[in-house]
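**Student:** next comes the sequence, and after it the predicted model I'd like to discuss.
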Protein chains: 2
Amino acid sequence: MVHSPSPQHRIPAKSPRFPAANASETVKQTLVEMEALCRARRARLTPIRRRVLEVLLCSQKPLGAYDLASALASHGRRMAPITVYRALDFLIEQGLAHRIASRNAYVAGTGNRGTTAFLVCESCGDATEIASPEVAATVLKVLTERGYQPHARILEITGRCAHCQDIH
Amino acid sequence: MVHSPSPQHRIPAKSPRFPAANASETVKQTLVEMEALCRARRARLTPIRRRVLEVLLCSQKPLGAYDLASALASHGRRMAPITVYRALDFLIEQGLAHRIASRNAYVAGTGNRGTTAFLVCESCGDATEIASPEVAATVLKVLTERGYQPHARILEITGRCAHCQDIH
DNA sequence: GGGCCGCATGAAATTCTGTCACAAAAATTT
DNA sequence: AAATTTTTGTGACAGAATTTCATGCGGCCC
């Protein structure tokens, strides 16, 4: 079910929706790398933040804040919204997560804090992070042409992914 | 090369926040044009839809659905959310309005239903519609490269506008 | 130790955004 | 005129995000 053979940023293709504790090997390794990144930056990846990041990493699709809150429930009580949002704020600051505004949802990122682009499938909702220097450069150019400070963060490009074209 | 002197889509620069009835001449004219466009398309620009469109046209900034609901209140009762959203759905379908997802807000459009790009100021929230064939082309290219069907609709580019750089 | 500061967390309430189901009204078609 | 489709109205509700106040914890300075 791999969309294209391009080896870009891909997050493990395991299926559990809210994998709680059974993070796959790949996720575990990514997590370790991100921990290291945070240490290097002197940013504190606390247990809560780590757990939010882990759930995001395990999910192939963008998750809503309340999905996260449910996924991280304990004793039947789901995590308070504010807690989730605070964790997300931190992760987004660090480039470890991104907000997909068109879906009010969040995905794990790569740690890169520059301009990032996502292909969002309007059918299945899947969001694929792509590294496209070409798009980044063009956007930067347009921004400066119009007197905008190049703070461009995240670019969402809506379309229909290869997989969903077949089905429907 | 579309540099600064491009006469792109600009919406009249009058100031009233919720202009209710005092639409400027320019707005009135635009409205007439859009009415004609709808007639040509056999799309029904009903009074409600027209009023929503009018408020959007009069506002220089993106408005939230509830801003619209308040602006269109009568007898102290604001318009029901669903009514606003239904009107917005119609307008968006017709390309007469766009959703700025990063702000949960809406702006008037030009009627063009192709790919549209906006420069969104992260400071003042202003959204400027730009016609940038270059960006559109680049995005299209990337989309097809990845096997995406080129349905790209609206592109939001975040930054800080010239005006806000001075202030802060 | 005791007090202070910065930071992370917890909890409640509130507001904002958006949708669903169903009924009534209006326009279009036959 | 009757049937059908489209639009609008109403109430309830889920989901998204922020505000406000309180608590706990580690380090630090005296």
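**Tutor:** All right, it came through fine.
**Student:** what average pLDDT does the longest helix belonging to chain A get?
**Tutor:** In chain A, assigned by DSSP state H, the helix with the most residues is helix A:25-41. Average pLDDT, helix A:25-41: 94.
**Student:** helix, strand or coil for A:V107?
**Tutor:** Under the three-state scheme (DSSP: H, G, I helix; E, B strand; the rest coil), A:V107 adopts strand.
**Student:** hmm, back to that, which secondary structure elements does the longest helix of chain A sit against?
**Tutor:** Secondary-structure packing of helix A:25-41 (3 or more Cβ pairs under 8 Å, 6 or more residues apart in numbering or on different chains; DSSP states H and E): helix A:47-58. Glycine gets a C-beta too; all of them are placed from N, C-alpha and C.
**Student:** and the residue of chain A found nearest DNA strand D, how far from A:N104?
**Tutor:** Going by Cβ to the nearest atom of the strand, DNA strand D is nearest to A:G64 of chain A, at 2.8 Å. From A:G64 across to A:N104, the span is 6 Å (Cβ to Cβ, to the nearest Å).
**Student:** just A:S59 next, same as before
**Tutor:** Counting by Cβ to Cβ, the gap from A:S59 to A:N104 is 15 Å.
**Student:** who's more crowded, those two?
**Tutor:** A:S59 (22 against 13; other Cβ atoms under 10 Å in any protein chain shown).
**Student:** just give the number of residues close to the closest residue in space to A:S123 that isn't next to it in sequence.
**Tutor:** Once flanking residues are discounted, A:S123 sits nearest to A:C164: 3.9 Å by Cβ to Cβ, 6 or more residues apart in numbering or on different chains. By the criterion of other Cβ under 10 Å, A:C164 has 18 neighbours.
**Student:** which of the residues in the helix or strand harbouring A:C164 are buried?
**Tutor:** Per DSSP states H and E, A:C164 falls inside helix A:162-167. Judged by neighbour count using 16 or more other Cβ atoms under 10 Å in any protein chain shown, the buried positions of helix A:162-167 are A:A162, A:C164.
**Student:** doesn't A:L45 belong to a helix?
**Tutor:** No: counting by three-state DSSP, A:L45 is not part of a helix but coil.
**Student:** need the contact list for it.
**Tutor:** A:M34, A:E35, A:C38, A:R39, A:L53 (Cβ atoms under 8 Å, 6 or more residues apart in numbering or on different chains).
**Student:** per-residue pLDDT of it, please?
**Tutor:** At A:L45, pLDDT is 96.
**Student:** doesn't B:S132 make contact with A:R146?
**Tutor:** No: with contact defined as Cβ atoms under 8 Å, A:R146 does not reach B:S132; the gap is 9.4 Å.
**Student:** more neighbours: those two, which one.
**Tutor:** B:S132 (24 against 18).
**Student:** enumerate the residues of chain A near chain B.
**Tutor:** A:3-4, A:6, A:101-102, A:117, A:119, A:121-122, A:128, A:130, A:132, A:134-135, A:138-139, A:141-143, A:145-162, A:165 (Cβ under 8 Å from any Cβ of the partner chain).
**Student:** how far away is the closest residue to DNA strand C within chain A from chain B?
**Tutor:** Nearest residue of chain A to DNA strand C: A:T46, at 3.2 Å (Cβ to the nearest atom of the strand). Computed as Cβ to the nearest Cβ, to the nearest Å, the A:T46 to chain B distance reads 27 Å.
**Student:** relative to B:I130, how far out is the closest residue to A:A105 other than its chain neighbours?
**Tutor:** Once flanking residues are discounted, A:A105 sits nearest to A:P62: 3.4 Å by Cβ to Cβ, 6+ apart. From A:P62 across to B:I130, the span is 27 Å (Cβ to Cβ).
**Student:** can you check A:K61 too?
**Tutor:** Counting by Cβ to Cβ - A:K61 and B:I130 are separated by 31 Å.
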